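1. I'll drop the sequence and a predicted model, then ask my questions.
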Amino acid sequence: MESAVNVVNKRVIGYLAEDVFTTVGELNAEIAVRVKEINHDIRRANDTTRWEVFQAEEAAQLGPLPGDRFEEVEWKELKAGRNYHLSSDG
């Protein structure tokens, strides 16, 4: 996993470090080009791409996303009282 971080650091951050982007959309488009290059175009030592390995070994193990949306929750930070009890709305 650390090698993947190093690849992204070099091939995305390193390549784009000197460029100037005026919108987030422009930046995201250029990042997408670099990520495609990393996953689809660059052959590794065993002559495979990351995408080929994903398709061959991992894609079949993925399940579908749930049909229902996740329930929204509200997080609260609670503090224990002197009697060690907590109070919450629900």
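-> Happy to help now that I have it.
2. for the chain, longest helix please?
-> helix 24-36 (DSSP state H).
3. what does it rub up against?
-> 11-12, 15-16, 19, 21 (C-beta atoms under 8 Å, 6 or more residues apart in numbering). C-beta: built from backbone N, CA, C; applies to glycine.
4. at 6 Å instead, please
-> 11-12, 21 (C-beta atoms under 6 Å, 6 or more residues apart in numbering).
5. Tally up the residues packed near Val35, please.
-> When neighbours are defined as other C-beta atoms under 10 Å, Val35 has 14 of them.
6. Same check on Ile31?
-> Ile31, neighbours per other C-beta under 10 Å, totals 16.
7. One more: Asn39?
-> Counted with other C-beta under 10 Å, Asn39 comes out at 14.
8. Tabulate the CA atom coordinates of the longest helix of the chain in PDB.
-> Extracted C-alpha coordinates of helix 24-36, given in PDB (Å, rounded to 0.1, in the frame of the first residue of the first chain):
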ATOM      1  CA  VAL A  24     -11.600  22.800  -9.100                       C
ATOM      2  CA  GLY A  25     -13.000  21.200 -12.300                       C
ATOM      3  CA  GLU A  26      -9.800  21.900 -14.200                       C
ATOM      4  CA  LEU A  27      -7.800  20.300 -11.400                       C
ATOM      5  CA  ASN A  28     -10.100  17.300 -11.100                       C
ATOM      6  CA  ALA A  29      -9.900  16.700 -14.900                       C
ATOM      7  CA  GLU A  30      -6.100  16.700 -14.800                       C
ATOM      8  CA  ILE A  31      -6.000  14.400 -11.800                       C
ATOM      9  CA  ALA A  32      -8.400  12.000 -13.700                       C
ATOM     10  CA  VAL A  33      -5.900  11.900 -16.600                       C
ATOM     11  CA  ARG A  34      -3.100  11.000 -14.200                       C
ATOM     12  CA  VAL A  35      -5.100   8.400 -12.300                       C
ATOM     13  CA  LYS A  36      -6.100   6.800 -15.700                       C
END
